[in-house]
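Chemist: show me the folded form of this:
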Amino acid sequence: MDFPVKYRFTDEYFRDEERCGFMVSECMKRYWAASLHSLEIFDDICRRHGLKYWAACGTMLGTIRHKGFIPWDDDLDIGMLREDFNQFLRIAPYELPSDYTVSFKDDPPRHSYNGIAVVNSLRAVSFDEKILNDYYYCPFPVGFDVYPYDYAPDDRNERDIWRGEYLRVLLAFKYLDEHTDADDEADEAFRKLGFEPAYVWENKDEIRNRLLEMAENIAGRGMPGCGSYVTRLIFLAMHNAYPPLKKEWYEDIVELPFETGTIPALRNIEDAVLMTFGAEWVMPVQGTMSHNYPLYRRDIRYMIGFLEKGGLKLSYLPNQLQYIVREADRLGIEHS
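Modeler: Residues are numbered from 1 along each chain as shown. Got it, this is the predicted structure:
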C-alpha cells in the first residue's frame, strides 16, 4: 500500500551535523527519517478517518524551537483527544500495515491510560532490502508514541473526585501485581471498589479485566462538554499536575515546519509550550532525555550478537550500513 510522502530526504540531510552544539550523527538522522516515514502512514490513516493529532511533549517543543527534532531527542510524541485515540485503537488492526504493532506503554498491560507505542516491526533488526529502502537504510524498529488527552472538569472538586476514582483503580492494580494473597491494605482497597477480597485472590485474571474496564470508563468520562480545559489524565492522577491547557487549542490544528516537511501542531503552540515547559523553554538544555538515549543502542548490541552467531562481524555490513559501525564506535559499544 502506498502512502503520501510528507518528508523527503537528500544525501546531504543524512550527514553528521552539529545542532545547538550537539552532534547529530548519520545514524540518528536515519532513525529520525525512518520514524517520520512511520508517521506518514499514521497521518494517512488519520486523514482518511477524520482523526486529529498533533505534535506533543518533546516533539511539540522541538517543533516550535528547532523546527524539527530536539537535537538530543530520538523519539516522536503524538497527542490525540480521547475520542480520536479510541477510534484509532479500533481501526488500527485493519488499517496499519501487517508488520506494524500497537502496544500499551505501561503496566497494567492493555491499559491505555498513559499511551501506546506504534512500531513497525516485532523484530529487533531487519536486513530485508525492501524495508531498508523504505526506511532510509535504518534497520532498527521505529515508530512513535501516542498519548490520549481528556477534557477536564472546570470545578476543582469534580477534578479531585475524577482523580481519586482513577487513583483507587490504579492502586488496586498495584496490589494485584505485587501481592499473591490477602493483605489488610489491599483488601481494603478492593472493598472500596466493591470487590470481595476473598473472591479477588481466587480470580485475579477476572478482576484484572474488570479493573481495566473500570479504568477505561473513568478515563473516558472526560469527554467534550465536561469542561474548558484539556489534560493528560495520568499527569493529573499521579502528580496532581493540572496546567490550564484550553480545549480550543486542541481543536484548532495547523501544519508547522518539521525537519524536511510539516507536522500537525496546535495553533496556540507557544501558549501550550509555555504552560507545559515554563518560560525557560526558549533556551535549549542538553541531557534532558527521559530514557536511555539513543533508543537504538540496544538494537546495535542485538545486531552485533546476531551477526556474531553467524560468524560475522559488524564491519562486514554492506556500504550502506557502515554508518552503524561508526555509531557503535562513537557510543563505545564493543564489537569484533
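
Chemist: need the pLDDT of Asp181.
Modeler: On the pLDDT scale, Asp181 is placed at 64.

Chemist: domains for the chain, by residue range?
Modeler: Following automatic domain parsing, one gets these domains for the chain: 17-152+244-288, 156-221, 296-336.

Chemist: which neighbouring elements make contact with the helix or strand of the chain with the lowest mean pLDDT?
Modeler: Least confident helix or strand, the chain: helix 233-239 with a mean of 76, by mean pLDDT, DSSP states H and E. Judged by 3 or more C-beta pairs under 8 Å, 6 or more residues apart in numbering; DSSP states H and E, helix 233-239 is in contact with strand 143-152, helix 156-178. The C-beta positions use only the backbone N, C-alpha and C, and glycine is treated the same way.

Chemist: pick out the shakiest of the ones you listed, pLDDT-wise.
Modeler: The weakest mean pLDDT among those belongs to helix 156-178, with a mean of 86.

Chemist: just want the angle from it to strand 143-152.
Modeler: Angle of helix 156-178 versus strand 143-152, following axes from the mean of the first three to the mean of the last three C-alpha atoms, to 10 degrees, is 140 degrees.

Chemist: chain center to helix 156-178: distance?
Modeler: Offset of helix 156-178 from its chain centre (C-alpha atoms, centre = their mean, to the nearest Å): 23 Å.

Chemist: and the least confident helix or strand of the chain, how far from the chain's centre?
Modeler: Averaging C-alpha positions (C-alpha atoms, centre = their mean) puts helix 233-239 17 Å from its chain's average.

Chemist: which parts of this protein are helices?
Modeler: Secondary structure of the chain, counting by DSSP state H: helices at 26-49, 57-66, 82-95, 129-134, 156-178, 184-192, 197-202, 204-219, 233-239, 269-277, 297-309, 322-331.

Chemist: beta partners of the residue positioned nearest the centre of the chain?
Modeler: When C-alpha atoms, centre = their mean is applied to the chain, the residue found nearest the centroid is Asp145 (1.7 Å). Per DSSP bridges, the residues bridged to Asp145 are Asp77, Ala117.

Chemist: can you tell me how far it is from Ala33?
Modeler: Relative to Ala33, Asp145 is positioned 18 Å away (criterion: C-beta to C-beta, to the nearest Å).

Chemist: pLDDT weak spots in the stretch 151-300 of the chain?
Modeler: Within the stretch 151-300 of the chain, the ranges that satisfy pLDDT under 70 run 179-182, 222-225, 283-291.
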